[in-house]
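[1] Need a 3D model of the following:
(chains A, B, C and D)
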2 protein chains.
Amino acid sequence: MPRLADPELPARRRAQILEAARYCFHARGFRQTTIEDICGEARISPGALYRYFDTKADIIAAIALDARAQAEAALERLSTAEGLIEGLTELARSAFAGLEDAGDAALMAEVWAEAARDPLLAKALAARDVEAQARLSAAISAAVRAGSVYPALTPEDAAALLLSTLDGIGLRLALRREQNASEAVRRFRSLAVHVLKPKR
Amino acid sequence: MPRLADPELPARRRAQILEAARYCFHARGFRQTTIEDICGEARISPGALYRYFDTKADIIAAIALDARAQAEAALERLSTAEGLIEGLTELARSAFAGLEDAGDAALMAEVWAEAARDPLLAKALAARDVEAQARLSAAISAAVRAGSVYPALTPEDAAALLLSTLDGIGLRLALRREQNASEAVRRFRSLAVHVLKPKR
DNA sequence: ACCTGAACACCGTTCAAGT
DNA sequence: ACCTGAACACCGTTCAAGT
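    Numbering: from 1, shown residues only, chains lettered A, B, ... in the order given. Just a heads-up that it's a prediction; the model follows:
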């Protein structure tokens, strides 16, 4: 018998469980998904699942953090100097397009609710958020130095405002399912223009 | 024996149950609150509770709708013509001050999550939202006619943007508990100024 | 008519037993 | 070392029995 079992097994199992969980959460939500659902989807027994995660809340937190990280990863593609307005518009477009899927939209709202009751998750999300805001703030600063925008606010305030509004519009979009994403994008764009005041 | 029992009893019982539920939800959240908790707080048995509400979800929906209605009721106090910026600032101040209570903040996030999975609740909240937006839109229109603001956006777009941002900033405030409400108010105010462009 | 509280079904978690 | 699946505790909901 092997002295050490496959050292990659734990990582594989965790990934397998998380993928199953993501699928179930997306379809039914955090609360309505049972451990049995996840086990069925992952083809694993409850006992095995609890070898890799201590509680259902831990699985939720992992998925929530990942969902949020993905949403914020789009910020990295923001060009730093010119085309800031276009970059932000594109960011909004992809964010809002994602929310047209009802499951994704519901998941977003549930992530916030979960964080509001789970201080550890809230802290993790806040850390991501601070980073995202710093990134946008830096992009705005660069654009100011390049002379392509003339915001009346500090880069920090402008960044905080834009990110808050991005989330706020996303929320309304998620709840008022009938209104379309393109109108939301148009509104966000006009906010960016009025806050950042681009040249010409 | 009375041919008709106290005709106000049902209404009283419902109110009694809802008050108990509100207390529990605020302290522990929708999910962590059990029917037994509510029954204990309301000094009533589970059987009696289910005479007045079909499911726990119905109780949640009632509280969620009420919480949201309260948040939006502040809009009614918005003066219609002059002092629009000050009125909006005051609105933000009271909204954000409420969120400094962690329980209220968590409840707000949970309301959204609940609505995202409950189409009926979503519809009820959306109706409130449409009304709130119409009200703000009308206030902006009145201010435009009075010549006190010169927005570059239509009143509808400006109203939608302001309300979205109000929610978005509130969300971040709820999750990043360390940052203070007054800074959030300041940011919202500068948004209002840049979007509405008041005279002088 | 209204209520109680035991009973039921379901779900998160554990653990003895298997390989 | 890793897994299975029955068992346990807990919670939403029902219902027979009381007044």
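[2] separation between the residue lying closest to A:Leu120 once chain neighbours are set aside and A:Ala124?
    The shortest distance from A:Leu120 to any non-neighbouring residue, by CB to CB, 6 or more residues apart in numbering or on different chains, is to A:Ala61 (7.2 Å). All C-beta spots, glycine's among them, are computed from the backbone N, C-alpha and C. To A:Ala124, A:Ala61 is 8 Å away according to CB to CB, to the nearest Å.
[3] for A:Asp58, same thing?
    12 Å.
[4] Could you tell me which ranges of chain A sit under the pLDDT cut-off?
    Filtered on pLDDT under 70, chain A yields the residue ranges A:1-5, A:79-82, A:200.
[5] how about the residues of it near DNA strand C?
    A:33-36, A:46-47, A:50, A:54-57 (CB under 7 Å from any atom of the strand).
[6] Show the buried residues in the residues you listed.
    A:33, A:35, A:56-57 (16 or more other CB atoms under 10 Å in any protein chain shown).
[7] to the chain's geometric centre, what's the distance from the one helix or strand the residue nearest to A:Leu120 maps to?
    According to DSSP states H and E, A:Ala61 maps onto helix A:56-73. Mean-position distance between helix A:56-73 and its chain equals 8 Å (CA atoms, centre = their mean, to the nearest Å).
[8] Verify the contact between A:Ala20 and A:Ile35 for me.
    No: when contacts are counted by CB atoms under 8 Å, A:Ala20 is not listed as touching A:Ile35 (10.6 Å).
[9] returning to that earlier point: the helix holding A:Ala61 packs against which elements?
    Counting by 3 or more CB pairs under 8 Å, 6 or more residues apart in numbering or on different chains; DSSP states H and E, the packing neighbours recorded for helix A:56-73 are helix A:9-28, helix A:102-117, helix A:119-145.
[10] Toward the C-terminus from that helix, list the very next helix or strand.
    helix A:84-98.
[11] Run through the residues of chain A sitting next to DNA strand D.
    So far as CB under 7 Å from any atom of the strand goes, chain A lies against DNA strand D at A:5-6, A:9-10, A:13, A:44-48, A:51.
[12] Just give me the residue closest to the centre of chain A.
    In chain A, the centroid-proximal residue (CA atoms, centre = their mean) is A:Arg68; its distance is 2.4 Å.
[13] What helix or strand is A:Glu41 located in?
    helix A:35-42.
[14] same check, this time on A:Leu162
    Using DSSP H and E, A:Leu162 falls in helix A:155-175.
[15] Give the buried residues for that helix.
    So helix A:155-175, judged by 16+ other CB under 10 Å, has buried residues A:155, A:157-175.
[16] which other helices and strands contact that helix?
    Using 3+ CB pairs under 8 Å, 6+ apart, helix A:155-175 sits against helix A:84-98, helix A:102-117, helix A:119-145, helix A:181-196, helix B:102-117, helix B:119-145, helix B:155-175, helix B:181-196.
[17] picking up where we left off before, output the helix holding A:Glu41 as PDB - backbone C-alpha positions only.
    Below are the C-alpha coordinates for helix A:35-42, written out as PDB (Å, rounded to 0.1, in the frame of the first residue of the first chain):
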ATOM      1  CA  ILE A  35     -26.300  18.900   1.600                       C
ATOM      2  CA  GLU A  36     -28.000  15.800   0.000                       C
ATOM      3  CA  ASP A  37     -28.400  17.800  -3.200                       C
ATOM      4  CA  ILE A  38     -24.800  18.700  -3.300                       C
ATOM      5  CA  CYS A  39     -23.700  15.200  -2.500                       C
ATOM      6  CA  GLY A  40     -25.900  13.800  -5.200                       C
ATOM      7  CA  GLU A  41     -24.500  16.300  -7.700                       C
ATOM      8  CA  ALA A  42     -20.900  15.600  -6.600                       C
END
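[18] Fine by me, thanks again.
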